[in-house]
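Undergrad: Sequence plus predicted model, see below.
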Amino acid sequence: MDFDSPFSRWWRVSFSHDDPALAKLGGRIRSARKKLGWSQEQFADEAGLDRSYVGAIERGQRNISFLILCKIVEALNCDVAALTKSIPAPAAKVEATRKA
């Protein structure tokens, strides 16, 4: 298979993410799940998601939709703001960090 075909480039862009915001969100989801003492499989069952998909979310490898985020926060019994606060970092904080 040609690994530089238009399809493979589309696949890498569409399904492989390396974004700090996704990694931060995934880490917060993982932390909330662990606080509940759930395995990924238990959490996936509660949220109505596939376990491997949950793993990819927690690793920051999936750019999830708002509806998936709603399923996640419902399962975790929290609200969207609890997981997304300061993601992405406010521009003023980013600029201050760059100048430091």
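TA: In hand now; what should we look at?
Undergrad: For the rest of this, base every contact and every neighbour count on C-alpha atoms.
TA: Will do.
Undergrad: What separation do you get for residue 82 and residue 18?
TA: Distance of residue 82 to residue 18, given as CA to CA, to the nearest Å: 22 Å.
Undergrad: scratch that, residue 49
TA: Counting by CA to CA, the separation of residue 49 from residue 18 is 22 Å.
Undergrad: Same question for residue 40.
TA: The value you get for residue 40 to residue 18, if CA to CA is used, is 21 Å.
Undergrad: Same drill for the two, tell me which one is more crowded.
TA: Between residue 40 and residue 18, counted using other CA atoms under 10 Å, residue 40 has the larger neighbour count: 19 against 13.
Undergrad: from memory the more buried one sits against residue 51, does it?
TA: Yes. Here residue 40 reaches residue 51: they are 6.0 Å apart, a contact under CA atoms under 8 Å.
Undergrad: tell me the pLDDT at residue 24?
TA: pLDDT for residue 24: 96.
Undergrad: Repeat that for residue 88.
TA: Note on residue 88: pLDDT of 88.
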